[in-house]
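Novice: Here is my input; please provide its structure:
(one chain, ligands or ions: 1)
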Amino acid sequence: MTTPSLVTRDLTIRFGGHVAVNAVSCAFHPGELTVIVGPNGAGKTTYFNLISGQLTASSGTVEKDGQEITRLSPSARAHHGIGRAFQLTNLFPHLTVLENIRLTVQARAGLGWHMLRPVSHYRELARKAEHYLEATRLTPLAHQTAANLPHGDQRKLEVALLMAMEPDIYMFDEPTAGMSLDHAPDVLDLIRGIKADRSKTVLLVEHKMDVVRALADRIIVLHNGELLADGPPEEVMSSQIVRDVYLGTSEGAA
Ligand SMILES: Nc1ncnc2c1ncn2[C@@H]1O[C@H](COP(=O)(O)OP(=O)(O)OP(=O)(O)O)[C@@H](O)[C@H]1O
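Specialist: Numbering: from 1, shown residues only. This is a model prediction of the structure:
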């Protein structure tokens with residue numbers, strides 16, 4: 001087993017008297033795609049927010065490659081290689097697809113416009129932007145304004161921007177939500193491609209059981225903020241306790 005890239009230990013957050021995430025301890029490894037499932041209100045998004053830094057834990061820790069990051073801001077965690085796809089929020093809607101990707105590549109390289117950089121440096125960034133454009137099959141849409149893209153292509157662009165940030169940890173919240181059946185397989189293929197790079201750790205919150213089945217190497221189940229089950233998909237899906245609390249309430253809705 002590889003060394004975990006991300007670990008949460010007894011991670012807990014309280015909102016007043018309500019414990020939304022309760023002492024969740026879990027280790028995530030490179031090359032592994034973990035899907036986090038659970039009924040509505042189980043604490044999945046809150047757990048994600050505690051990892052990416054939108055929320056700060058009441059107690060417990062988050063560690064990235066052995067270094068504690070529990071109290072860091074979201075942007076500081078992004079510098080540590082934690083990348084989360086947010087629907088539309090990191091798109092510049094009035095710029096083109098290619099411009100959005102270029103800006104993200106530049107931000108990743110840590111520069112704005114700089115008069116004294118050699119031209120070759122900018123060529124390298126432009127080459128990288130083209131690479132992510134092609135990898136996400138957005139080349140035919142390169143010069144379209146982001147705001148004018150259909151929803152499914154906007155979500156592909158979000159994946160492109162996330163890839164351009166070159167994180168070690170990829171976090172996706174329901175990546176095919178609101179997407180037509182035509183587009184969903186494209187996004188799932190992109191996520192499979194990320195997973196195939198064995199150095200990346202992928203975390204996904206997902207309700208749709210077909211997406212869970214298509215992608216998961218491992219499933220963790222949250223229920224009332226607690227870690228209820230953790231293991232290979234077949235084992236978790238067939239466990240009676242999971243069927244009782246999760247599948248019994250959600251499969252029909254998926
Ligand atoms: N900022 C907050 N203040 C108070 N309570 C909150 C806050 N954020 C989340 N909660 C509560 O914490 C619990 C877990 O919510 P969370 O959104 O993490 O669940 P979830 O599993 O992602 O649900 P869903 O599948 O419906 O998105 C819920 O009871 C929710 O009302």
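Novice: roughly how far out does stretch 147-158 sit from the chain middle?
Specialist: 17 Å (CA atoms, centre = their mean, to the nearest Å).
Novice: which other residues reach that stretch?
Specialist: 85-88, 90-91, 93-94, 97, 100-101, 136-138, 141, 146, 175-176, 178-180, 182-184, 186-187, 190 (CB atoms under 8 Å, 6 or more residues apart in numbering). Using the backbone N, CA and C atoms, a C-beta is placed for each residue, glycine as well.
Novice: Select from the residues you listed every entry located in strands.
Specialist: residue 85 (DSSP state E).
Novice: Just the buried subset of the contacts of stretch 147-158, please.
Specialist: Buried by 16 or more other CB atoms under 10 Å: 85, 90-91, 97, 100-101, 136, 138, 141, 146, 175-176, 179, 183-184, 186-187, 190, out of these.
Novice: For the stretch 1-150 of the chain, give me the ranges with low pLDDT.
Specialist: Under the criterion pLDDT under 70, the flagged ranges of the stretch 1-150 of the chain are 1, 87-90, 111-120.
Novice: Flag every residue of it that's near the ligand.
Specialist: Taking CB under 6 Å from any ligand atom as the contact definition, the stretch 1-150 of the chain meets the ligand at 15, 18, 20, 38, 40, 41, 42, 43, 44, 45, 46.
Novice: Give me the residue at the spatial middle of the protein.
Specialist: What sits nearest the mean C-alpha location of the chain, by CA atoms, centre = their mean, is residue 171, with 1.4 Å.
Novice: Pick out the most distant pair among the residues of the stretch 1-150 of the chain next to the ligand.
Specialist: Maximum pairwise distance in those, criterion CB to CB, is 17.2 Å, between 15 and 38.
Novice: list the contacts for residue 194?
Specialist: So, once contact is read as CB under 8 Å, 6+ apart, residue 194 ends up touching 163, 170, 200, 202.
Novice: how about a cut-off of 7 Å?
Specialist: Each residue near residue 194 by CB atoms under 7 Å, 6 or more residues apart in numbering is listed here: 170, 200, 202.
Novice: Pretty sure residue 220 is one of the things residue 228 touches, is it not?
Specialist: No. In this structure residue 228 lies outside contact range of residue 220 using CB atoms under 7 Å: 8.4 Å.
Novice: what does the average pLDDT come to for the helix or strand containing the residue nearest to the centre of the chain?
Specialist: Under the criterion of DSSP states H and E, residue 171 resides in strand 169-173. Strand 169-173 carries an average pLDDT of 95.
Novice: May I have the strands that pair with that strand, each with its orientation?
Specialist: Under the criterion DSSP bridges, strand 169-173 sits next to strand 82-85 (parallel), strand 201-205 (parallel) in its sheet.
Novice: Looking only at stretch 44-54, what residues are buried by neighbour count?
Specialist: Result for stretch 44-54 [16+ other CB under 10 Å]: buried residues 44, 45, 46, 47, 48, 49, 50, 51, 52, 53.
Novice: how about these, which pair is most distant?
Specialist: By the measure CB to CB, 44 and 53 form the most distant pair in these, at 16.4 Å.
Novice: Pull the helix of greatest length in the chain out as PDB, backbone CA atoms only.
Specialist: In the chain, with assignment by DSSP state H, the single longest helix is helix 119-135. Extracted in PDB, the C-alpha atoms of helix 119-135 (Å, rounded to 0.1, in the frame of the first residue of the first chain):
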ATOM      1  CA  VAL A 119       9.500  34.200 -24.800                       C
ATOM      2  CA  SER A 120      10.200  30.500 -24.500                       C
ATOM      3  CA  HIS A 121       8.600  30.500 -21.100                       C
ATOM      4  CA  TYR A 122       5.300  31.900 -22.500                       C
ATOM      5  CA  ARG A 123       5.500  29.400 -25.300                       C
ATOM      6  CA  GLU A 124       5.700  26.600 -22.700                       C
ATOM      7  CA  LEU A 125       2.600  28.000 -20.900                       C
ATOM      8  CA  ALA A 126       0.700  28.200 -24.200                       C
ATOM      9  CA  ARG A 127       1.700  24.600 -25.000                       C
ATOM     10  CA  LYS A 128       0.400  23.500 -21.600                       C
ATOM     11  CA  ALA A 129      -2.900  25.300 -22.200                       C
ATOM     12  CA  GLU A 130      -3.200  23.600 -25.600                       C
ATOM     13  CA  HIS A 131      -2.500  20.300 -23.900                       C
ATOM     14  CA  TYR A 132      -5.300  20.700 -21.300                       C
ATOM     15  CA  LEU A 133      -7.700  21.900 -24.100                       C
ATOM     16  CA  GLU A 134      -7.000  18.800 -26.100                       C
ATOM     17  CA  ALA A 135      -7.100  16.500 -23.100                       C
END
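Novice: All set, thanks.
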